[in-house]
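S.K.: here is the input, now give the coordinates:
(2 chains)
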Amino acid sequence: MSSGLRPVRSATEADLSAELLVRMHGLMLKARLLEERLIQMYKQGDGYFWIGGPGEEAFNVPLGLLIDKGSGPQHDYCHFHYRNSGTLLAMGAEPIDALRQMKNTATDPYSGGRNFVGHYSRREWNVVPVSSPIEVQYSIAPGTALAQKRAGGRGISIVTGGDAGTAEGDFATCLVWASRPANPLPLLIIVTNNHYGISTRSEGQHGETRISDRARAFNIESKTIDGNDPGVSYRELAAAMDYVRTERKPFMLEAVLSRLHGHSSASGANAVLDEADCLKGFERTMEERKLMTRAQMDTLRAEFTLELQEAHKKVRDEPQPTGDTIFDHVFSERDLVRGDQ
Amino acid sequence: MSTMVQAIRLALHVAEERLGVTDIFGEDVGPPLGGAFTATQGLKTTWNSPLDERGIVGAAIGLALAGQRSVAEVQFCDYIFNSIDLLKQGGMIHWASNGDWNCPMTIMMPVGSGIRGSIYHSHSFDAIATHIPGFKIAIPSTPREAYGLLLSCIVDPNPCLFLVPKALMRVRSQPGEEIPGEPGDDKALSRLIDAPLGDRSKWQPQWPDTPDLFIKLGEARTVRPGRDLTVVSYGRTLPVCTRAAEELVSEGVEVEVIDLRSLWPYDWAAVKASVQRTGRVLFVNEDTEVTNFGEHLLRRTVDELFYELLAPPKLLAGAHIPGIGLADNLEMASVPQLASIRTAMLDLARSQP
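M.R.: Just a heads-up that it's a prediction; the model follows:
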């Protein structure tokens, strides 16, 4: 489904090792169970609001595995939206920290109890603060990519968002700024297309055949892929990233995938049964290819479930931020540009 | 004697040479124009952006996150209204990440009336700016203040808004208010740093050696002392207040004029001390009067100084209308002018309990 500008060569299915597939399965499973636990926390009153990415694991986990994690322009900058929990897990985040943000505890490492769950932020990994307005990240990402273009090396900026958000002007901003002939930017522009904007289907709102077609007008290489297939996602992400890292130019990747618990707790967060489930599909493949048995997968599920149960219990007892901290960090005295830590 | 626009250019030169500024950008900021008001002529890190204010603010935030120091210009504040949520992002990054990330950037933009700029080149931005917590906000009233405040914004580890009163851009320094190192002769400075008309491709500015002069954000300046009345203003209306105060000397009224210089943080201690001496205070600015920043200052005055006041504290601000009309009479009637400021001062000075 390439846009037909210039082929970006992805690896063949056979190139993915059994070890990698098993690892991806474990992370996808853990990401799914994490989201289910977060939804449960919301429904039990251990959080005010849930939003996340169940159904996106087949795309988000490979993304996290392929990111060059670190601090500063030589590593990748991550401008995520609120459905990237699988990506964070694959990057090495501890699941309990997502629970802490859900429970808005003082120990929440991403915002100290200030922001919704899924609103990650981690400077040591270049994960810039996720914010609730859809698409603002598309206007901000060119800035980090600009610094990386100047710095040289292979660090890139990665921005993710949903299909509905591409209606916002920021998406056009991203396309224009990433592809300026005066200075094209090393920016991987990702759209996860679940065909929904909150509760509204895209068919009635978007006339474009594929969102990736919009890249053509800017001479940006692009592709639409099956984001429900972790093998496809891994291979296409690897190819797209290699292109951006090497050519220092933008690439747009549209991943078509499922949304398995609706938009957020605002729409109930109940399981959606009529969409393809990437985890179930991948588990069938793993069995068919004799990479894992059902029993092994069940054991793994039980282990992760227990781990998350324990984490949930632990987080319940952790302190909330106190009201006297509201003025903390309005302004910084620390100058990161100067090298303060 | 520099103009404010020349002072800004001198500061930006210092900032890119010695203070680590990597990018000065915005619409028409780079060659050939060097800024709609020529504030960015001849600088080495300037570049032109698409005509996209959201992109400009977004790129400045991104550069800040990547550890770069940038100065982004929005050509007129009237055009930044489409980017309010990005400004909010910039203002909340440090707080929302519980202190993990910083967003050090300076967004510079012309504000206010005074050039017959009609509906979309006359807006003020101080009221809205002060509704975006997390930003520091400076607004100069002289070339030297512009130089020192801009340098302070640039080295601050937080996002800063540098609001430039359009009406004062061509106003020259008064004797004694020069930037150290600038030539005293206007024409000499112009020959050094103003781009020639016509082909500029081979032109290189000759920068005078000016210092790292920082005017601290949050420190007001008492422009003239006075015993009868305190007037607190900033930006375009500040020199008008000073002139009105000078005129009132002949009426036997001594007005103390305070230039707030930065709106956040702001120098409440200076305002308070002055009002405690005079017992009367008038706040003057040209933004629309409803939920005006001066109203905040009024509220604080009432809260903290009520029993020390000799007369009700007053605000003189712009009319609460959607825009400033083009015709001379319309603009003059929309925002405080010398006559209305003088009248407001005199009325307050003569008001008896």
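S.K.: spatially nearest residue to whichever residue of the stretch 101-250 of chain A sits closest to chain B, not counting backbone neighbours?
M.R.: Residue nearest to chain B within the stretch 101-250 of chain A (Cβ to the nearest Cβ): residue A:143, separated by 1.6 Å. Quick note: C-beta positions are derived from backbone N, CA and C, even for glycine. Distance criterion Cβ to Cβ, 6 or more residues apart in numbering or on different chains; nearest residue to residue A:143, sequence neighbours excluded, is residue B:62 at 1.6 Å.
S.K.: correct me, but that neighbour touches residue A:148?
M.R.: No: taking Cβ atoms under 8 Å as the definition, residue B:62 is not a contact partner of residue A:148, at 10.0 Å.
S.K.: hang on, the earlier thing: now the helix or strand containing the residue of the stretch 101-250 of chain A closest to chain B - C-alpha only, PDB.
M.R.: Using DSSP states H and E, the element containing residue A:143 is helix A:136-151. Taking C-alpha atoms only, helix A:136-151 is exported to PDB below (Å, rounded to 0.1, in the frame of the first residue of the first chain):
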ATOM      1  CA  VAL A 136      -0.600  19.800  19.300                       C
ATOM      2  CA  GLN A 137       2.300  17.300  19.300                       C
ATOM      3  CA  TYR A 138       2.300  17.500  15.500                       C
ATOM      4  CA  SER A 139       3.200  21.200  15.700                       C
ATOM      5  CA  ILE A 140       5.800  20.700  18.400                       C
ATOM      6  CA  ALA A 141       7.700  17.700  16.800                       C
ATOM      7  CA  PRO A 142       9.300  19.700  14.000                       C
ATOM      8  CA  GLY A 143      11.200  21.700  16.700                       C
ATOM      9  CA  THR A 144      13.000  18.700  18.100                       C
ATOM     10  CA  ALA A 145      13.600  17.400  14.600                       C
ATOM     11  CA  LEU A 146      15.100  20.700  13.600                       C
ATOM     12  CA  ALA A 147      17.600  20.400  16.500                       C
ATOM     13  CA  GLN A 148      18.400  16.900  15.400                       C
ATOM     14  CA  LYS A 149      19.000  17.800  11.800                       C
ATOM     15  CA  ARG A 150      21.500  20.400  13.000                       C
ATOM     16  CA  ALA A 151      23.100  18.100  15.500                       C
END
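S.K.: buried residues, that helix. List them.
M.R.: Buried residues in helix A:136-151, counting neighbours by 16 or more other Cβ atoms under 10 Å in any protein chain shown, are found at A:136-149.
S.K.: and the angle from the helix or strand just after it to helix A:136-151?
M.R.: Downstream of helix A:136-151, the first helix or strand assigned by DSSP H and E is strand A:157-162. Direction vectors for strand A:157-162 and helix A:136-151, defined by axes from the mean of the first three to the mean of the last three Cα atoms, to 10 degrees, enclose an angle of 170 degrees.
S.K.: coming back round to it: hey, what's in contact with both of residue B:62 and residue A:148?
M.R.: A:77, A:157 (Cβ atoms under 8 Å, 6 or more residues apart in numbering or on different chains).
S.K.: name the residues that touch stretch A:295-303?
M.R.: By Cβ under 8 Å, 6+ apart, stretch A:295-303 touches A:25, A:26, A:29, A:33, A:283, A:286, A:287.
S.K.: how about the CA coordinates for the strand or helix carrying residue B:6, as PDB?
M.R.: In the assignment (DSSP H and E), residue B:6 maps to helix B:4-18. This file holds the C-alpha atoms of helix B:4-18, laid out as PDB (Å, rounded to 0.1, in the frame of the first residue of the first chain):
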ATOM      1  CA  MET B   4      13.800  50.300  20.300                       C
ATOM      2  CA  VAL B   5      14.000  48.200  17.100                       C
ATOM      3  CA  GLN B   6      17.700  48.800  16.900                       C
ATOM      4  CA  ALA B   7      18.100  47.900  20.600                       C
ATOM      5  CA  ILE B   8      16.300  44.700  20.000                       C
ATOM      6  CA  ARG B   9      18.600  43.900  17.100                       C
ATOM      7  CA  LEU B  10      21.700  44.700  19.300                       C
ATOM      8  CA  ALA B  11      20.300  42.400  22.000                       C
ATOM      9  CA  LEU B  12      19.700  39.600  19.600                       C
ATOM     10  CA  HIS B  13      23.200  39.900  18.200                       C
ATOM     11  CA  VAL B  14      24.600  39.600  21.700                       C
ATOM     12  CA  ALA B  15      22.300  36.600  22.300                       C
ATOM     13  CA  GLU B  16      23.400  34.700  19.300                       C
ATOM     14  CA  GLU B  17      27.100  35.500  19.800                       C
ATOM     15  CA  ARG B  18      27.400  35.000  23.500                       C
END
